[in-house]
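A.B. asks: What follows is a predicted structure for the sequence shown.
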Amino acid sequence: VQKKTPRPAAPTPDFVAAMGQHVSSVCVITTQHQGKNFGLTATAMSSVCADPPRLLVCINKSGTSHEMILAAGVFCVNVLDEHQEKIGKAFAGMLGKDFDRFSAGEWQELATGAPVLKSASAVFDCEIKQVIDQFTHSVIIGEVLAAQVGRAGDALLYGARKFRTLRKTAAEPMGDKAESLHF
Ligand SMILES: Cc1cc2nc3c(=O)[nH]c(=O)nc-3n(C[C@H](O)[C@H](O)[C@H](O)COP(=O)(O)O)c2cc1C
């Protein structure tokens, strides 16, 4: 790759405003370290590859959960369903910093010991494989040791600064065509 003069980055407010238009499902990332549970709400989650099954989460270094996730070496991604906005708010610290985040919902363990939300739309129980330092955040890549789809509920969404639900359409489902899409 030819070396070029670095181009200036876009102003952060422009980036934040534009990224606000990007709609994501709302996840709660949990871990267990030395017998204690920790977790935070996160939308920065993405599939990386399916074979082996790996995903990434971007976690702010300034929070409590960041250090605990790295120390534990494991984490669980709980994709919230559309009835779990309160859980999303609790794990974002929006119900107060003294609110017991794990008091909402029922929790179990799967493969790693990280708390798994029983009624989540989907869960991915992961072991950390790589951590990439990116200024304020760590990009944490996990290998999925267990993945489960919950009861039929749609995922909770967040975009344009609001929690949202999927709007149902009357269109035909994609059926077999969905199977042939490559992610
Ligand atoms: C909709 C939404 C999405 C969020 N996504 C992320 C995220 O992807 N990564 C992150 O580090 N924090 C994210 N946050 C902020 C954390 O949930 C929040 O700072 C939390 O209180 C951190 O908890 P902790 O200090 O226990 O780590 C998000 C908050 C909201 C409301």
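C.D. replies: Received, thanks. Numbering: from 1, shown residues only.

A.B. asks: Which parts of this structure are strands?
C.D. replies: Taking DSSP state E to define them, one finds strands in the chain at 24-25, 27-33, 36-42, 45-50, 53-60, 74-79, 107-109, 115-117, 122-134, 137-149, 156-159, 162-165.

A.B. asks: Put together TSV for those strands, with mean neighbour count on each row.
C.D. replies: Quick note: C-beta positions are derived from backbone N, CA and C, even for glycine. TSV is the format used below for the strands of the chain (neighbours: other CB atoms under 10 Å):
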stretch	mean neighbour count
strand 24-25	18
strand 27-33	25
strand 36-42	20
strand 45-50	13
strand 53-60	18
strand 74-79	26
strand 107-109	13
strand 115-117	25
strand 122-134	17
strand 137-149	17
strand 156-159	20
strand 162-165	13
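
A.B. asks: between those, which gets nearest to residue 10?
C.D. replies: Residue 10 lies closest to strand 122-134 among these, at 16.1 Å (CB to CB).

A.B. asks: and the angle from that closest one to strand 45-50?
C.D. replies: 100 degrees (axes from the mean of the first three to the mean of the last three CA atoms, to 10 degrees).

A.B. asks: related to what we said a few turns ago, can you put the strands of the chain in a markdown table and add distance to residue 100?
C.D. replies: Below are the strands of the chain laid out as a markdown table (distance: least, CB to CB, whole Å):
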| stretch | distance to residue 100 |
| --- | --- |
| strand 24-25 | 24 |
| strand 27-33 | 14 |
| strand 36-42 | 10 |
| strand 45-50 | 24 |
| strand 53-60 | 21 |
| strand 74-79 | 16 |
| strand 107-109 | 12 |
| strand 115-117 | 13 |
| strand 122-134 | 21 |
| strand 137-149 | 25 |
| strand 156-159 | 20 |
| strand 162-165 | 21 |
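
A.B. asks: In CSV: those, plus mean pLDDT.
C.D. replies: Formatted as CSV, the strands of the chain follow (pLDDT from 0 to 100):
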stretch, mean pLDDT
strand 24-25, 98
strand 27-33, 98
strand 36-42, 98
strand 45-50, 98
strand 53-60, 98
strand 74-79, 98
strand 107-109, 98
strand 115-117, 98
strand 122-134, 98
strand 137-149, 98
strand 156-159, 97
strand 162-165, 96
